Each structure stands twice: as C-alpha cells, then as structure tokens.
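> Starting from these lines, generate the structure:
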Amino acid sequence: QVQLVESGGGLVQPGGSLRLSCAASGSILSIKGMGWYRRAPGKERELVALIRGGTTNYADSVKGRFTISRDNAKNMTYLQMNSLKPEDTAVYYCNAELRPKHYSDGYYIYWGQGTQVTVSS
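Presented below is the predicted three-dimensional model:
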C-alpha cells in the first residue's frame with residue numbers, strides 16, 4: 001500500500017507564512033514527480049506547484065510567494081508559502097507520480113487526504 005500524508009496546515013494571518021509537508025510511504029519503487037494542488041470553497045481543484053526531476057512549475061497566482069522542494073531520500077515534498085493572502089484559503093492536497101514495488105512498469109498518481117489552510121485576520 002502507498003500512502004501520502006500532508007501536514008502543516010492551519011490558520012494564519014494575511015502576510016504570514018506556512019510550510020506544508022507531505023510524506024509518501026509504503027511499497028514505493030520510485031517517484032517521478034510530486035506536487036501540490038488546492039481546492040477552495042466552491043471552486044475546482046487547481047494546480048499550485050509541481051516538482052519533477054530538477055524542474056519546478058507554479059501557478060501564476062503563487063509565483064514568487066510559494067516554493068516547492070523535495071527530499072528524495074525521504075520521499076517527501078514541501079511547500080513553503082509566504083505572503084499568504086485570503087484567496088490562498090483552501091484544502092491543499094499532495095500528489096505523487098510513482099511506481100509501486102509490485103508494478104513492473106508505469107507510473108501512477110496517488111493523492112493525500114488534504115490539509116486545510118485558512119488565511120484570515
């Protein structure tokens with residue numbers, strides 16, 4: 001079984017910072033990429049940031065404020081969020097494109113359960 005678990009969400013004032021963490025565990029052979037998505041109330045889930053190999057991609061709305069990083073040895077990814085705005089309020093989900101140990105080929109997408117981030121004064 002493969003499991004992704006997010007942590008680090010919470011309530012923060014506008015202009016503040018939070019750091020989200022995501023740990024992938026279980027029978028994992030390799031991870032091609034990891035990412036963060038979010039779903040705000042009443043909106044569709046949207047991409048926040050991706051890291052794949054040495055390449056990162058960000059949504060325009062978070063460029064310059066959020067930074068994604070990855071610890072390959074620990075199968076973890078992090079999202080440093082600075083200068084937070086009320087519109088960043090959402091449930092943040094981690095995902096990973098990975099190959100489980102019992103698969104001979106192919107990579108598959110796994111999701112965490114999400115962590116709530118609320119930006120409010």
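> Spatially central residue (nearest the centroid) of the protein, please.
residue 36 (2.7 Å; CA atoms, centre = their mean).
> In three-state terms, label residue 60 for me.
Secondary structure for residue 60, judged by DSSP: H, G, I helix; E, B strand; the rest coil, is coil.
> need the contact list for residue 52.
Listed by CB atoms under 8 Å, 6 or more residues apart in numbering, the contact partners of residue 52 are 32-34, 97. In short, each C-beta sits where N, CA and C put it, glycine included.
> again, only this time at 6 Å
residue 33 (CB atoms under 6 Å, 6 or more residues apart in numbering).
> That one and residue 19, how far apart?
21 Å (CB to CB, to the nearest Å).
> hmm, back to that, who does the residue nearest to the centre of the chain bridge with?
residue 49, residue 94 (DSSP bridges).
> So which residues of the chain form strands?
In the chain, the segments counted as strands under DSSP state E are 2-7, 10-12, 18-26, 28-39, 46-52, 55-58, 66-71, 76-81, 90-100, 108-111, 115-119.
> can you list the ones you listed in TSV and add mean pLDDT?
Below are these laid out as TSV (pLDDT from 0 to 100):
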stretch	mean pLDDT
strand 2-7	97
strand 10-12	98
strand 18-26	97
strand 28-39	96
strand 46-52	97
strand 55-58	97
strand 66-71	97
strand 76-81	98
strand 90-100	96
strand 108-111	96
strand 115-119	98
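> highest average neighbour count across those?
Across these, the average number of neighbours (mean count of other CB atoms under 10 Å) peaks for strand 76-81, which reaches a mean of 22.
> Tell me what angle that one forms with strand 28-39.
20 degrees (axes from the mean of the first three to the mean of the last three CA atoms, to 10 degrees).
> ok, and what's touching strand 76-81?
18-23, 34, 36, 66-70.
> From residue 1, how far out is the residue nearest to the centre of the chain?
Taking CB to CB, one finds residue 36 at 22 Å from residue 1.
> Spit out the contact partners of the nearest residue to residue 105 once chain neighbours are set aside.
Residue nearest to residue 105 in three dimensions, not counting chain neighbours: residue 99, with 7.6 Å by CB to CB, 6 or more residues apart in numbering. Taking CB under 6 Å, 6+ apart as the contact definition, residue 99 lies against 29-30, 107.
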